[in-house]
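Novice: Return atomic coordinates for the entry below.
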Amino acid sequence: MNEQFIQRVSIDWDKVGKESYLREITALSGLDCISFDRPVTFFVGENGSGKSTLLEAVAVAYGFNPEGGTRNYSFSTYDSHSELCDAVRLSKGYRKARSGYFLRAESFYNVATKEEDYADALHPSRRYHEKSHGESFLAIVQDYMDGGGVYLFDEPEAALSPQRQITLLLEIYQCAGKGAQFIIATHSPILLGLPGAEIYSFDNGKLHLCEYEETESYQITEMFINNREALLKRLL
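Specialist: Here you go, the predicted structure:
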């Protein structure tokens, strides 16, 4: 039985402009729907392949602020999200999420600033700006994640060392085991190694499921580590 909070995402292309750039993203242009059957789903693909665009649309359709934060965040530093969010329809499960968070690497600074603005005596600021970039990234997911929430992360590895990526992997695994759902766009071969996760690839012109070893993140990392000297000699 599918117990995920977000079980299916459908796209009504009639609500996307005929001249929209979204129709030029090959992995998205022929996509009618995508299902989420497991607690952790990864989106992988080359830059510009559409993974962050779809994740953003799902987040906005679910009620998150386009720049990130909890569903209680409501602000706009720069209105850059695509019209795809208006065309997306979510099919939800019977469970109601207690919490959630949308983490975007590119707009994290804005969210950390707004967190201080929202603070009051009952909800003191966690002062993410006073931590290093990597520490604040990890702290925010640790502060907000629990077993009853929906968490959408866009390249959460951006500020994390390999060691901290492993820490994040463990946090996600434990939280998912308690009932949380994660949808994550990432290039990290470490995060992608999370056991039992479902991986959707946006490469090769069509959105499709793939195995960990089939991802370019894994293949290129493995090639570099195992053949570093020969590869660099050839490239340089």
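Novice: Out of the helices and strands in the chain, which is least certain?
Specialist: Across the helices and strands of the chain, mean pLDDT, DSSP states H and E gives its lowest value to helix 108-118, namely a mean of 70.
Novice: Report all helices and strands that the helix or strand that that helix is followed by contacts.
Specialist: Using DSSP states H and E, the helix or strand that follows helix 108-118 in sequence is helix 133-144. The contact analysis (3 or more CB pairs under 8 Å, 6 or more residues apart in numbering; DSSP states H and E) places helix 133-144 against strand 99-104, helix 108-118, strand 149-154, helix 162-177. Just so you know, the C-beta spots here come from the backbone N, C-alpha and C atoms, and that holds for glycine as well.
Novice: Would you mind listing the buried residues in helix 133-144?
Specialist: Gly134, Ser136, Phe137, Leu138, Ala139, Ile140, Val141, Tyr144 (16 or more other CB atoms under 10 Å).
Novice: Correct me if wrong: the last one contacts Arg98.
Specialist: No: look at Tyr144 against Arg98 with CB atoms under 8 Å: they stay out of range, at 11.2 Å.
Novice: Any stretches of the chain with poor pLDDT?
Specialist: The chain contains residues with pLDDT under 70 at 74-82, 107, 109, 111, 114-116, 118-121.
Novice: let's go with 90 and repeat that
Specialist: Within the chain, the set of residues satisfying pLDDT under 90 comprises 1-3, 17-18, 21, 29-31, 65-83, 85-86, 101, 103-147, 158-159, 204-206.
Novice: hmm, back to that, going by distance to Gly30, which of the buried residues of helix 133-144 wins?
Specialist: The shortest approach to Gly30 among the buried residues of helix 133-144 belongs to Val141, at 33.1 Å (CB to CB).
Novice: Centre of the chain to stretch 199-215, how far?
Specialist: Relative to its parent chain, stretch 199-215 has a centroid offset of 15 Å by CA atoms, centre = their mean, to the nearest Å.
Novice: how about it as CSV, C-alpha atoms only?
Specialist: Provided in CSV are the C-alpha atoms of stretch 199-215 (Å, rounded to 0.1, in the frame of the first residue of the first chain):
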residue,chain,number,x,y,z
ILE,A,199,15.9,7.3,-8.8
TYR,A,200,14.4,9.2,-11.7
SER,A,201,16.8,10.3,-14.4
PHE,A,202,16.1,13.3,-16.6
ASP,A,203,18.9,12.5,-19.1
ASN,A,204,18.6,11.0,-22.5
GLY,A,205,15.5,12.9,-23.5
LYS,A,206,12.9,11.1,-21.4
LEU,A,207,12.2,10.9,-17.7
HIS,A,208,12.9,7.3,-16.6
LEU,A,209,13.7,5.2,-13.6
CYS,A,210,17.3,4.0,-13.3
GLU,A,211,19.6,2.2,-11.0
TYR,A,212,22.3,3.8,-8.8
GLU,A,213,25.1,2.5,-11.0
GLU,A,214,23.5,3.9,-14.1
THR,A,215,23.6,7.5,-12.9
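Novice: circling back to that earlier point, the buried residues of helix 133-144 into a markdown table, with extra columns for distance to Glu211?
Specialist: Formatted as a markdown table, those follow (distance: CB to CB, whole Å):
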| residue | distance to Glu211 |
| --- | --- |
| Gly134 | 29 |
| Ser136 | 33 |
| Phe137 | 28 |
| Leu138 | 28 |
| Ala139 | 32 |
| Ile140 | 30 |
| Val141 | 26 |
| Tyr144 | 30 |
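Novice: so Val9 makes contact with Thr41?
Specialist: No: Val9 is beyond contact range of Thr41, at 10.4 Å (criterion: CB under 8 Å).
Novice: All good on my end, thank you.
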